[in-house]
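A.B. asks: Sharing a model that was predicted from the sequence below.
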Amino acid sequence: MSSEKKTAAETPEPAQPVRRNFIREIIEDDLKTNRFEGRVHTRFPPEPNGYLHIGHAKSICLNFGMAKDYKGLCNLRFDDTNPSKEEQEYVDSIEQDVRWLGFDWENRLFYASDYFDQLHDYAVQLITKGKAYVCDLNADQVREHRGTLTQPGKDSPYRNRPVEENLDLFRRMREGEFPDGTRTLRAKIDMASPNLNLRDPVMYRILRATHHRTGDKWCIYPMYDWAHGQSDSLEQITHSICTLEFEDHRPLYDWFVEQLGIYHPRQIEFARLNLTYTVMSKRKLLQLVEEKHVTGWDDPRMPTISGLRRRGYTPESLRMFADRIGVSKSESTVDVATLEDCLRDDLNKRAARVMAVLNPVKLVIENYPDDVVEELEAVNNPEDPSKGSRKVPFSKVLYIEQDDFRENPPKKYFRLSPGNEVRLRYAYIIKCVGVVKDEKTGEIVELRCTYDPDTKSGSPQSARKVKGTIHWVSANHALDAEVRLYDRLFRVENPEGDNWKGLMNPEAFKLLPHCKLEPTLAIAKKQDRFQFERLGYFCVDDDSAPGRLVFNRTVTLRDTWAKIEKS
RNA sequence: UGGGGUGUAGCCAAGUGGUAAGGCAGCGGCCUUUGGAGCCGCCAUUCCCAGGUUCGAAUCCUGGCACCCCAGCCA
């Protein structure tokens, strides 16, 4: 975004007509009433305790997207207040993922830990005002005093310590005089509040853990509620967008900034994303990784951004998805078909078409000369003529897909069967005249066909129509490749309950070690994406190397035949 | 049975007192040298339920019901 363009007074109307949502309404209202001097400044605040998933992508698109649409800014801030769970590996992956998604925080990369000193000073201020106290209760005792959902809590016996004593104790907490968990600093609010977050919430706990950025400087660490709002305030955030479960925390968020008398951002909550056939909680994703149910955070079956990237999803398709599903406050589970459609929509326009045979069966054209190789013209992308065409070698011996031949074809089967004709894409119409089987297993090992030389694609006499067109590769020219077929991680829409791991889809990964590809693919580079005609979209996997090609299936094409056959 | 939220089609989601957008899925059809793509059509007499206000209610009022979140020194 260029920095020169902001005429402060003009209404920062979104450039394109965009989908309305309640957050835009709030922002536009705040702009109208000049609540934040016409500024819009958001932030994406991940905790670096795991890899980002597609639910985070929704939040990233929302936060960066709102900032962009209203000519504002969006910060990246790591919420790193719990060193026992956070690691540098995670911050690195998060930065990479946000960037890959297409967003830029420019020079505004922050950490809650940047504010540890300031937060400490703020805490001293609250103590001095009599609004916070050091509590000697241990965790169990604090719980006992908290009361229940229906019963008020009891005041801590340490609640009314003199300010001087609190100041002294807090200093000694910070200096490491007390063991972990023996004391906390608590806000003095209301132990009888119906909102449990207001029953004297803990602000600091004693925790001896090495922080990935501050090392061993601190042995007390701020809690989320104490750190988050103040960080927002320090960064002059206008709209602090978070998920629904923090709605109950908003009174506390507001209470802290008001007691401190500092700049007051506005917290807005929206519903987190759920997707069918997968799990989204960080806890469960971590478990899948640690227990080796998947190969890692970037396993192509994972709903993580790195998994989707490796699977072959594009940033564009993920942004399109975020846009399509919208933002609201009602709990929702989006059909994964919506995601898949976004990918197809994007790649249909961009991905080069190519022919690949995943489950090959040999096909011999009996009346085709033994030693001839024709170079046939094939269109690279019918949706985009500017992508031109390429030459594909054709010869007497080919491979076709096992699925494209049926000895006993069902009704409406348009592909090859004994005595039937089919077009070989970009080549000739052929007829099946024989089937060679393995004597022992009965398995079909070879199809014998004849071709009609008058039907060459593009030739004037090629107008003859047949019902089906199938893809093929020339056996002598084919490249060998490994193809990894991926599908939904779980067998059921909503994998819940204690047995959720038992609901995993054993078919989510299938290895095809010997697929046959047209020779064009020899130059495919990592992350290149293609449409394998009639099959789906595929990308070159990170494991791929020259001479050892590895492709991942990102998503299949829509398959009308599969539907017909099912019914 | 405390507090905070949410209920519009199979799944998302607009709608802000004037007569139910859009997308996904599904279903028909056209077209097609990808059973792809594209195109056309269908898909809520009704908005959780019941009353009420109004000429007029998904929108306002009253009373119910259902579901989600909160009792970490996690975020």
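C.D. replies: Looks like it came in fine.
A.B. asks: Just the helices from chain A, written as ranges.
C.D. replies: Along chain A, counting by DSSP state H, helices occupy A:22-32, A:54-69, A:88-100, A:116-128, A:139-146, A:163-174, A:224-234, A:250-260, A:282-290, A:305-311, A:315-325, A:336-350, A:560-566.
A.B. asks: Return the set of buried residues in the second one.
C.D. replies: Applying a neighbour-count criterion of 16 or more other CB atoms under 10 Å, one finds A:54-69 buried in helix A:54-69. The way it works is simple: take the backbone N, C-alpha and C, and place the C-beta from them, glycine included.
A.B. asks: Show me which residues of the stretch 251-400 of chain A are close to RNA strand B?
C.D. replies: With CB under 7 Å from any atom of the strand as the criterion, the stretch 251-400 of chain A meets RNA strand B at residues A:271, A:324-335, A:337-338, A:341, A:344-345, A:348, A:353, A:381-383.
A.B. asks: Name only those of those residues that count as buried.
C.D. replies: Using 16+ other CB under 10 Å, the buried ones in those are A:Ala271, A:Ile325, A:Val327, A:Val334, A:Asp341, A:Arg344, A:Arg353, A:Asn381.
A.B. asks: residue contacts, the first one?
C.D. replies: Contacts for A:Ala271 (CB atoms under 8 Å, 6 or more residues apart in numbering) come out as A:Thr243, A:Leu244, A:Val327, A:Ser328, A:Lys329, A:Ser330, A:Glu331, A:Ser332.
A.B. asks: and if you look at the fourth one?
C.D. replies: The neighbours of A:Val334, taking CB under 8 Å, 6+ apart as the test, are A:Leu273, A:Asn274, A:Leu275, A:Thr276, A:Ile325.
A.B. asks: Looking at the contacts of A:Ala271, spot the one nearest A:Leu398.
C.D. replies: The shortest approach to A:Leu398 among these belongs to A:Ser332, at 48.0 Å (CB to CB).
A.B. asks: beta partners for that closest one?
C.D. replies: For A:Ser332, the beta-bridge partners under DSSP bridges are A:Leu273.
A.B. asks: Going by distance to A:Tyr537, which of the contacts of A:Val334 wins?
C.D. replies: Distances from A:Tyr537 to the contacts of A:Val334, taken by CB to CB, are shortest for A:Leu275, at 18.9 Å.
A.B. asks: and that closest one, what does it touch?
C.D. replies: So A:Leu275 contacts A:Ile54, A:Pro303, A:Thr333, A:Val334, A:Val336, A:Leu339 (CB under 8 Å, 6+ apart).
A.B. asks: number of nearby residues for the residue of the stretch 401-550 of chain A found nearest RNA strand B?
C.D. replies: Of all residues in the stretch 401-550 of chain A, the one sitting closest to RNA strand B is A:Ser457 (2.3 Å; CB to the nearest atom of the strand). For A:Ser457, the count of nearby residues is 17 (other CB atoms under 10 Å).
A.B. asks: wait, what's in contact with it?
C.D. replies: Counting by CB under 8 Å, 6+ apart, the residues that A:Ser457 touches are A:Leu376, A:Glu377, A:Arg423, A:Arg425, A:Tyr426, A:Ala427, A:Tyr428.
A.B. asks: Return the distance of stretch A:222-233 from the chain's centre.
C.D. replies: On the basis of CA atoms, centre = their mean, to the nearest Å, stretch A:222-233 sits 27 Å off its chain's mean C-alpha point.
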